[in-house]
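# Got a predicted structure plus its sequence, pasted below:
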Number of protein chains: 2
Amino acid sequence: MILVNGQPSNVIAITDRGFQYGDGLFETIAVNNRKPVFLFQHLQRLLTGCRRLGIPAPRTEILIDEAHRLCQQTNAPAVLKIIVTRGSGGRGYKQPDTIQPTRVLSLHPFPEYPLRYWTDGINARVCQTRLGANPALAGIKHLNRLEQIIARAEWQDNQIQEGLMLCGDGFVIEGTMSNLFLIKDRKLYTPDLSQAGIAGIIRGLVLSCGHGINTAVTLMTIDDLLNADELFVCNSVIGIWPVRLMENRPIPVGPITLQLQAWLHGLQDENAHAEN
Amino acid sequence: MILVNGQPSNVIAITDRGFQYGDGLFETIAVNNRKPVFLFQHLQRLLTGCRRLGIPAPRTEILIDEAHRLCQQTNAPAVLKIIVTRGSGGRGYKQPDTIQPTRVLSLHPFPEYPLRYWTDGINARVCQTRLGANPALAGIKHLNRLEQIIARAEWQDNQIQEGLMLCGDGFVIEGTMSNLFLIKDRKLYTPDLSQAGIAGIIRGLVLSCGHGINTAVTLMTIDDLLNADELFVCNSVIGIWPVRLMENRPIPVGPITLQLQAWLHGLQDENAHAEN
């Protein structure tokens, strides 16, 4: 089921600027126990994105109501996607004087990933496709995703689960669909996203988790990754996946990754069972 | 009238990757005498873009046929827009194993620009929003256009017709909706687009026009623009507009710009009246 501005539909106007120019934002949210997990954090990022792009945000109550309506449709784990665009109108790139945003909420089956991706870890490679640096768009989850698409098209080997992307200056930013953390000497590091990348919800939670683990946002090279004690990727759907092979070089699935995985699992569970 | 995969429609599937990710390309083509002007050059760029993004291109005969069908709808000057996307399917950024591209052709009224933009020139400013450098996407007219949209939203003053955009490294690339040429000592210069920007059809024609005018593709700074003998912007809809004010600094509307404008006008006219 898909809701377009609150009405069931599976189509959008050709004139919608989301289709014409990728002029909008999205969120991808895990659904558990018929509840959208970390919904408020996702809505917060969506509103931040709307503010940065100058799109009037849909009312939060409406988004929450529609999200819950959709999540009632299934008992199985699922994924809720929210898209907000600048709507139709304007002349070329110039936005209309009065913006009527479009909101699209859709529910999708949870992807069938093998359990071992969580327990034993995944295999990651380094993509050739680079991310363009642009502070004006960095951090937000906007609809301009060609860089990720051409990066993801670099490999067909289904033994590789994620590709890591560098910025033009050679620093590591993120995975095609995930954020990245490395652990070195019991400290957590994740790339700086001021120039490129999406500031993920799980990334934000991990950065603020406490647990006596120090965290730092830094510039990071491929060498830093290859010399890490532990390495993991994260996003709202997969949670945390340890990286066990990086460009075919083994990396141990270590205690801090497993500790964070357990902590996140508890937090997700708590969130999915809270009354909201 | 809009044709979606050959059928009249004004909507597109929510699942279309053009809407989900901006995963596609477009062309904007002037229509004169019920004919799409420089259609073959536009189709050539579209096919190049498809090849670079790995989208199987729609058959050229079909695109030509549908373009002509639409252009028969009006006697007035118009604009034909062709969008090609990767269609629906795939998992997240991963494209589907079998790609069925979507094509959308739509006809729009010609924008009402005052004649003086062509004769007296326009007023241009420099945008704060920068273009991210990415050789993988540079040159093609893809659907990821947020940079242009936020740049165009920087000004409301309708005395300013175009904003010039720099790359992250400070070199000038193009206007929000146009390419840029400067003339210095009777030689034509236009920015290098290997890192960012759209390689426009009119830009390509001007570069190859001959006329005893030497041309060069170079790195270009704002200072170079301010010290130019003449300056103009161009695209397929406007043709050539002289720039008469650059950041409020007057620039003469000079003989080479007017000569190129007349030459281009002849070429457009010839193209619109050719049997094709």
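Happy to help now that I have it.

# which stretches of the stretch 101-250 of chain A have low pLDDT?
The stretch 101-250 of chain A contains no residues with pLDDT under 70.

# and it, which residues reach chain B?
For the stretch 101-250 of chain A, the residues found near chain B under the criterion Cβ under 8 Å from any Cβ of the partner chain are A:104, A:106, A:111, A:129-137, A:142-153, A:168, A:176-177, A:196. The C-beta positions use only the backbone N, C-alpha and C, and glycine is treated the same way.

# which ones among those are found in strands?
Taking DSSP state E, the ones among these that sit in strands are A:104, A:106.

# Separate out the buried members of the residues of the stretch 101-250 of chain A next to chain B.
Burial by neighbour count, judged by 16 or more other Cβ atoms under 10 Å in any protein chain shown, picks out A:104, A:106, A:129-134, A:136-137, A:142-153, A:168, A:176-177, A:196 from those.

# Dump the C-alpha coordinates for the helix or strand containing A:Trp263 into PDB.
Counting by DSSP states H and E, the element that carries A:Trp263 is helix A:255-273. Once non-C-alpha atoms are left out, helix A:255-273 reads as follows in PDB (Å, rounded to 0.1, in the frame of the first residue of the first chain):
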ATOM      1  CA  PRO A 255      33.800  -7.400  21.100                       C
ATOM      2  CA  ILE A 256      32.900  -3.800  20.700                       C
ATOM      3  CA  THR A 257      31.000  -4.400  17.500                       C
ATOM      4  CA  LEU A 258      29.100  -7.200  19.100                       C
ATOM      5  CA  GLN A 259      28.500  -5.100  22.200                       C
ATOM      6  CA  LEU A 260      27.100  -2.300  20.100                       C
ATOM      7  CA  GLN A 261      25.000  -4.700  18.100                       C
ATOM      8  CA  ALA A 262      23.400  -6.100  21.200                       C
ATOM      9  CA  TRP A 263      22.800  -2.600  22.600                       C
ATOM     10  CA  LEU A 264      21.200  -1.400  19.300                       C
ATOM     11  CA  HIS A 265      19.100  -4.500  19.200                       C
ATOM     12  CA  GLY A 266      17.800  -3.700  22.700                       C
ATOM     13  CA  LEU A 267      17.100  -0.100  21.700                       C
ATOM     14  CA  GLN A 268      15.200  -1.100  18.500                       C
ATOM     15  CA  ASP A 269      13.200  -3.600  20.500                       C
ATOM     16  CA  GLU A 270      12.300  -1.100  23.200                       C
ATOM     17  CA  ASN A 271      11.400   1.400  20.500                       C
ATOM     18  CA  ALA A 272       9.200  -1.100  18.600                       C
ATOM     19  CA  HIS A 273       7.300  -1.900  21.800                       C
END
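
# all helices of chain A, in order?
Taking DSSP state H as the test, the helices found in chain A are A:17-21, A:39-53, A:60-71, A:116-119, A:146-152, A:201-207, A:222-226, A:255-273.

# Deepest-packed of the ones you listed, please.
Mean neighbour counts were taken over the helices of chain A using mean count of other Cβ atoms under 10 Å in any protein chain shown, and the top value, a mean of 27, falls to helix A:17-21.

# hmm, it touching chain B?
Yes. In this structure, helix A:17-21 sits against chain B according to Cβ under 8 Å from any Cβ; the contacting residues are A:17-21.

# Just the C-alpha atoms of that helix, please, in CSV.
Coordinates of each C-alpha in helix A:17-21 appear next as CSV, following Å, rounded to 0.1, in the frame of the first residue of the first chain:
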residue,chain,number,x,y,z
ARG,A,17,9.8,18.0,-9.1
GLY,A,18,10.8,14.8,-7.4
PHE,A,19,10.6,13.1,-10.8
GLN,A,20,11.8,16.0,-12.9
TYR,A,21,14.9,16.9,-10.8
